[in-house]
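> Structure of the sequence below:
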Amino acid sequence: MRHVLATLALGALALTAAPLAAQVEPPAKATAAEQTPLEMRADQVVALLNGKADPADIFTAGFRAAVADAQIVTLSASLVAEFGPATEVALLAPTEGTRAALEIRFARGLAKGGIAIDPADNNRVNELRFTSVDSLAIADDTPAKIAADLAALPGSVNAWFAPLDGGPPTISRNAEQRLALGSTFKLYVLAALAEDVKAGRRKWTDVVPLTEKSYPSGKLQDWPKGAPVTLHTLASLMISISDNTATDQLIKVLGKERILKLMEDSGHADPSVNDPFLTTKQLFILKASNAQTLADWRSSDAAKQAIIEVVQVAEEDPSLDQINAAFANGPKALDVEWFASPADLAKLFGHMRRNADSKVFDIMAISPSATAAIKANWRYIGFKGGSEPGVINLTWLLTDKAGRDWVLTLGWNNAEAVVDEGKLEGIAQRILLLPR
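Numbers count the residues shown, from 1 in each chain. Just a heads-up that it's a prediction; the model follows:
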């Protein structure tokens, strides 16, 4: 289970979404007769992004072999859907030669990257790389507009953006509705560990041998069995890169009942929906199971426990290819997951502020999923997200300049179709850039 900030990488074309508030002044435009080959091709990229140019007229054969025309069109349409129409070339430096830095302005974003052309092939583009597509703050954006955009998403959506101390919410939608969390569930594992540390039952420096092995994301699945690892390292990898093996190792150390107890203590409205508490490996194997196994899983709590025990003692685990195949055709068994509502997650953060060792918040801030523009709005940003086909959750704990804690959590489940992670991330960025 992992959460990636809307990154697409296909052959020579790479697109990465992240937020920004600043505006960039466009260069003075040359007339068509005065344009250099680089300027002409850059303008054609703008037309391409808006669906008004054919990839065959712009790119070299080598580029099109690496990135199919249909993929180029799909990626372009995705950018326009999230950031509005491409409007102009905001930067091309230098304007002459065969390679340049390139920025293209959208109605609600700024794409930054580079472009290169091949003089031997009629100056066709042989490289186009967007390393970031930054959300521009929308001058007239409002919570009401954001709420309307959340309401328009297909499937089930919940959201909460409010002070942690109980102040009125800026954004609220289905705050009591539990949805599948993906890897955001790892916050409960982290909270149980940090509470044990504060109580003196464990230390961050405690070393355990690596006995568990899950599937990616992460890196510990490739480490040798028995490798000594500190609890702090396991927690940091679990949160910062959503390492599934690190997660399962911590679940092994803490015990499932300990984590369920933490859920109850933190105010989760119904911890039983997460019992039996799954490891990431168990979730992957269940998702890859046949229809009868899944039907048995749904039949009773006793059946669930029996299936978990079979999974635990199986002589051979499914291959990574088999696991990947289970997720290849869209949403799969979204009831095999971990569940919480925005209200549950807000209560979790309140519980952690009161009962967790303070180093836990440093761990949450390793990968805050925020760029400079958003960081400038907040004194502290901690983050965990999670996703699988049909599921995405984005959850932040934030501290404003006055020292007040806030929670932003957005969840989206759709059993009928893959959710558009970039769209929800774009909405989250708009929320984090709202004036308060």
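> so what secondary structure elements neighbour the helix or strand harbouring residue 281?
Remark: residue 281 resides in helix 280-287, with elements defined by DSSP states H and E. Counting by 3 or more Cβ pairs under 8 Å, 6 or more residues apart in numbering; DSSP states H and E, the packing neighbours recorded for helix 280-287 are helix 244-254, helix 291-299, helix 301-313, helix 320-326. For the C-beta atoms, the positions are set from N, CA and C on the backbone; glycine is no exception.
> That one vs helix 244-254, what angle?
Between helix 280-287 and helix 244-254, the angle comes out at 110 degrees (axes from the mean of the first three to the mean of the last three Cα atoms, to 10 degrees).
> could you give the mean pLDDT of helix 280-287?
The average pLDDT within helix 280-287 is 95.
> Just the CA atoms of it, as CSV, please.
The C-alpha coordinates for helix 280-287 follow below in CSV (Å, rounded to 0.1, in the frame of the first residue of the first chain):
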residue,chain,number,x,y,z
THR,A,280,-0.5,-5.6,4.8
LYS,A,281,0.6,-9.0,3.6
GLN,A,282,-2.7,-10.6,4.7
LEU,A,283,-4.6,-7.9,2.8
PHE,A,284,-2.6,-8.4,-0.4
ILE,A,285,-3.1,-12.2,-0.2
LEU,A,286,-6.9,-11.9,0.5
LYS,A,287,-7.2,-9.5,-2.4
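> Could you tell me the angle between it and helix 301-313?
Per the same axes, to 10 degrees, the angle that helix 280-287 makes with helix 301-313 is 110 degrees.
> hmm, back to that, what would the helices and strands packed on helix 280-287 look like in CSV with mean pLDDT and distance to residue 153?
Listed next are those as CSV, based on pLDDT from 0 to 100; distance: least, Cβ to Cβ, whole Å:
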stretch, mean pLDDT, distance to residue 153
helix 244-254, 98, 27
helix 291-299, 93, 26
helix 301-313, 84, 30
helix 320-326, 91, 25
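> Please work out which of those is packed deepest.
Highest mean neighbour count among those (mean count of other Cβ atoms under 10 Å): helix 244-254, with a mean of 24.
> in the helix or strand following it, what's buried?
Later in the chain than helix 244-254, the nearest helix or strand by DSSP H and E is helix 256-266. Across helix 256-266, burial judged by 16 or more other Cβ atoms under 10 Å covers 256, 258-260, 262-263, 265-266.
> and if you look at stretch 38-54?
38-39, 41-46, 48-50, 53.
> any idea how far the spatially closest residue to residue 131 that is not a sequence neighbour lies from residue 407?
Excluding the flanking residues, the one nearest residue 131 by Cβ to Cβ, 6 or more residues apart in numbering is residue 113, at 4.9 Å. Distance from residue 113 to residue 407, counting by Cβ to Cβ, to the nearest Å: 34 Å.
> of those two, who's got more company?
residue 407 (22 against 19; other Cβ atoms under 10 Å).
> Let me know the average pLDDT across the lengthiest strand in the chain.
As assigned by DSSP state E, the longest strand anywhere in the chain is strand 124-135. Taken as a whole, strand 124-135 has an average pLDDT of 87.
> i'd like the first residue to be 6 from this point on
Fine by me, first position is 6 from now on; the one you just mentioned is strand 129-140.
> other SSEs contacting it?
Judged by 3+ Cβ pairs under 8 Å, 6+ apart, strand 129-140 is in contact with strand 18-24, helix 42-54, helix 66-71, helix 74-88, strand 104-111, strand 114-123, helix 426-437.
> circling back: just give me the closest of the buried residues of helix 261-271 to residue 236.
residue 263 (13.5 Å; Cβ to Cβ).
> nearest spatial neighbour of that closest one, skipping sequence neighbours?
Leaving aside its sequence neighbours, residue 263 sits nearest to residue 197 (Cβ to Cβ, 6+ apart; 5.4 Å).
> swap in residue 230?
Here the nearest residue to residue 230 in space, its sequence neighbours aside, is residue 215; by Cβ to Cβ, 6+ apart that works out to 6.3 Å.
> Number of residues surrounding the one you found?
Residue 215 has 19 neighbouring residues, counting by other Cβ under 10 Å.
> Can you give me every residue that contacts it?
Applying Cβ atoms under 8 Å, 6 or more residues apart in numbering, we find residue 215 in contact with 225, 228-234, 250, 254.
> Highest neighbour count among the residues you listed?
Counting neighbours by other Cβ under 10 Å, residue 250 comes out on top of these with 27 neighbours.
> contacting residues around that residue?
By Cβ under 8 Å, 6+ apart, the residues touching residue 250 are 215, 217-219, 223, 225-226, 228.
> go on, residue 344?
183-186, 278-279.
> what two of those are the furthest from one another?
Among the contacts of residue 344, 184 and 279 lie farthest apart (Cβ to Cβ), at 12.6 Å.
> between these two, which one's more packed in?
Neighbours around residue 184 and residue 279, counted as other Cβ under 10 Å, are more numerous at residue 184. The numbers are 24 against 21.
> got the contact list for the more buried one?
Counted by Cβ under 8 Å, 6+ apart, residue 184 has contacts 161, 163, 344-346, 396, 398, 416-418.
> Name the nearest residue to it, ignoring sequence neighbours.
Computed as Cβ to Cβ, 6+ apart, the closest residue to residue 184 that is not its neighbour in sequence is residue 416, at 4.2 Å.
> Let me know the secondary structure of that neighbour.
What DSSP: H, G, I helix; E, B strand; the rest coil gives for residue 416 is strand.
> Next up, the contacts around residue 254.
Per Cβ under 8 Å, 6+ apart, neighbours of residue 254: 213, 215-217, 225, 234, 239.
> can you tell me which of those lies nearest to residue 392?
For the contacts of residue 254, the residue nearest residue 392 by Cβ to Cβ is residue 225; the value is 19.9 Å.
> now the closest one: how far from residue 330?
Using Cβ to Cβ, we find residue 225 at a distance of 23 Å from residue 330.
> still on that earlier bit, please compute how far the longest strand of the chain lies from its chain's middle.
Taking the mean of its C-alpha atoms, strand 129-140 sits 21 Å from the chain's own mean (Cα atoms, centre = their mean, to the nearest Å).
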